[in-house]
Structure formats: C-alpha cells, structure tokens
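Colleague: Coordinates only, no sequence provided:
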C-alpha cells in the first residue's frame, strides 16, 4: 500500500535532454559550443552560469590532455578574453562540469588529464555513444512502458 501524500522517489537510470534550435550559421566557436550545450541539456536556457561552455571550449581547443589543475586557469583566461563575468569558476564547480561532460561521454580522464573522449570528433562521439547507445537504450525502455499500457 502506498502512503498518501508521498511523491514518487523513482531515480532514473539514465536521462538526456535534447532541444532543437535554429540552424547554426555565422557563429563563433564559443557560441557554437554554447548552442551544443543548450541542445544537449548541459546548459539551461537563460542560465547565466555557463562555465560548462568554457570547459568544453578549452578541451576542444587542446591538442593534448589538460591537467585538472590547469583547467580553471584556462577557463578564466577564455572568459576574460571574451569579456565575460567570472561566474561559476570555483574549482568545485569546474569539477562538477567535468563530471557532467564525462557522464555524457564527451570527455574522458586519462593519466595525463582530461581530453575529448579518445581524441575523437564530437559528432562521432554523439553518433556512437549518445545516439546509438545511450539514446536508443532510453527509447527502448520508454517503448517497454508504452507496450505494457493497454
């Protein structure tokens, strides 16, 4: 018997947010990464704390893995160059953003530091890790629920 007044505490095994924006054209790299982060739920619309954009931007610009200690300084440098406020640059927040990017299979941590997963192109990571595996797995489970409801 379920108690009245208790809200479900179901914890999802996996989740992803996908949003569709206008077709990208004439955007700088940071703005492209920002739209990618908005499109995949890494950034919420209207969110002024967009340090995840700078973390991903930094990693996509790097040819070699970045040590976790160097990432905050790199983010600060990027934000100053773009004349953006230094919001969300605490080490704890940057670690959280790194975890979110890892959870979405975009980056990995290796002995030398953080890098784009397997030095692969982001589109390949999306197609192989998110679209074919993660998203299909979620869609399959949602279909299971649809099938069982009469």
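Modeller: Nice, I can see it. Bear in mind that the values here come from a model prediction, so they are computed numbers and not experimental data.

Colleague: Show me where the protein has its helices.
Modeller: Shown for the chain, the helices assigned by DSSP state H span residues 29-39, 51-61, 71-81, 91-103, 122-125, 136-148.

Colleague: Give me the buried positions along stretch 22-37.
Modeller: 30, 33, 34, 35, 36, 37 (16 or more other C-beta atoms under 10 Å). In this view, the C-beta of every residue, glycine as well, is placed from N, C-alpha and C.

Colleague: With respect to residue 13, which of the residues you listed is nearest?
Modeller: residue 37 (23.0 Å; C-beta to C-beta).

Colleague: quick revisit: pick the most deeply packed of the helices of the chain.
Modeller: Most buried of the helices of the chain, by mean neighbour count (mean count of other C-beta atoms under 10 Å): helix 51-61, with a mean of 23.

Colleague: thinking again about what came up before, include distance to residue 45 when you put the helices of the chain into a markdown table, please.
Modeller: Below are these laid out as a markdown table (distance: least, C-beta to C-beta, whole Å):
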| stretch | distance to residue 45 |
| --- | --- |
| helix 29-39 | 6 |
| helix 51-61 | 13 |
| helix 71-81 | 20 |
| helix 91-103 | 17 |
| helix 122-125 | 21 |
| helix 136-148 | 22 |
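
Colleague: out of those, which comes closest to residue 12?
Modeller: helix 136-148 (8.8 Å).
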